[in-house]
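> take this sequence and fold it.
(2 chains)
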Amino acid sequence: EPEVTQTPSHQVTQMGQEVILRCVPISNHLYFYWYRQILGQKVEFLVSFYNNEISEKSEIFDDQFSVERPDGSNFTLKIRSTKLEDSAMYFCASSEGAGGYTFGSGTRLTVV
Amino acid sequence: AQTVTQSQPEMSVQEAETVTLSCTYDTSENNYYLFWYKQPPSRQMILVIRQEAYKQQNATENRFSVNFQKAAKSFSLKISDSQLGDTAMYFCAFRSPETSGSRLTFGEGTQLTVNP
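Numbers count the residues shown, from 1 in each chain, chains lettered A, B, ... in the order given. Next up, the predicted model:
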């Protein structure tokens, strides 16, 4: 069964540093997403991406965040200057369109 | 904006018994999708079951079934013959099909523990 692959599985970074989280969506999917889950809380939408541009973003997704699909297979989330409150599990997901998503296994980001 | 509410933060059940997790949602739309996701300790998000709002028949996947009450905006998950591997956090989620690629809105989750 096709999978969404995320790397790394765990990243530790110092406050103020830039971090890039990487995802390889399912190859025939057209829509890509990033979600965030702070420990013990619910999963929150960050951004959706279609046709090489952002289609929707939440209020969490401020100027510190950016997404990119640099080479037709990878989908990245960049946090420019990390804060302690950015520590969370970050999930990438992809979908064909309507219906359900396939989630990756997540990247645990720890900001120290 | 849509909201999803799971009013049971924690539940427990004995192995082999049946348990029902509750979910309610609020929307003004007539057509939409509802999902239950399972998140085990590994924290991976695993799709358990989905329901299209235009379908009157309740979805079923092996030991998992839903009770979808559209008028009441209720979407409960029933797990039959509970197994130890069912221990996980369960999230109810809503998605509007009005625009393809729309976001999932999650509830707060219910931590289910299956006891031997």
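> wait, residue A:108 sits on residue A:11?
Yes: between residue A:108 and residue A:11 there is a contact under C-beta atoms under 8 Å: 7.3 Å. The way it works is simple: take the backbone N, C-alpha and C, and place the C-beta from them, glycine included.
> next to chain A, which bits of chain B? Give me the list.
B:33, B:35, B:37, B:42-47, B:50, B:91, B:93, B:95, B:97, B:99-109 (C-beta under 8 Å from any C-beta of the partner chain).
> could you pick out the buried ones from those residues?
B:33, B:35, B:37, B:44-45, B:50, B:91, B:93, B:95, B:97, B:101-109 (16 or more other C-beta atoms under 10 Å in any protein chain shown).
> narrow these to those in strands?
By the criterion of DSSP state E, membership of these in strands covers B:33, B:35, B:37, B:50, B:91, B:93, B:95, B:104, B:105, B:106.
> who does the residue nearest the centre of chain B bridge with?
In chain B, the residue lying closest to the centroid (C-alpha atoms, centre = their mean) is residue B:36, at 3.0 Å. Beta-bridge pairing for residue B:36 (DSSP bridges): residue B:49, residue B:92.
> same check on residue A:47?
Residues in beta-bridge contact with residue A:47 (DSSP bridges): residue A:34, residue A:57.
> again with residue A:24
According to DSSP bridges, beta-bridge pairing links residue A:24 with residue A:5.
> in three-state terms, label residue A:17 for me.
Of the three states, residue A:17 takes coil under DSSP: H, G, I helix; E, B strand; the rest coil.
> same question, residue B:57
With three-state DSSP as the criterion, residue B:57 reads coil.
> from residue A:45, how far off is it?
Distance, residue B:57 to residue A:45, using C-beta to C-beta, to the nearest Å: 29 Å.
> which of the two has more neighbours?
Legend: neighbour count by other C-beta atoms under 10 Å in any protein chain shown for residue B:57 and residue A:45, higher for residue A:45 (21 against 8).
> quick check: residues of chain A near chain B?
By C-beta under 8 Å from any C-beta, the residues of chain A that approach chain B are A:30-31, A:33, A:35, A:37, A:41-45, A:48, A:50, A:55-56, A:58, A:89, A:91, A:93, A:95, A:97-103, A:105-106, A:108.
> are any of those buried, and if so which?
For those, buried by 16+ other C-beta under 10 Å: A:31, A:33, A:35, A:37, A:42-45, A:48, A:50, A:55-56, A:58, A:89, A:91, A:93, A:95, A:98, A:100-103, A:105-106, A:108.
> now, the residues you listed that are in strands?
Counted as lying in strands by DSSP E, out of these, are A:31, A:33, A:35, A:37, A:44-45, A:48, A:50, A:55-56, A:89, A:91, A:93, A:95, A:102-103, A:108.
> where does chain A have low pLDDT?
For chain A, the stretches with pLDDT under 70 are A:98-99.
> next one: the residue nearest in space to the middle of it from chain B, what distance?
The centre of chain A sits closest to residue A:34, judged by C-alpha atoms, centre = their mean, with a distance of 3.4 Å. Remark: distance between residue A:34 and chain B (C-beta to the nearest C-beta, to the nearest Å) = 11 Å.
> what's near enough to touch that residue?
Counting by C-beta atoms under 8 Å, 6 or more residues apart in numbering or on different chains, residue A:34 touches A:21, A:23, A:46, A:47, A:67, A:77, A:90, A:91, A:92, A:93.
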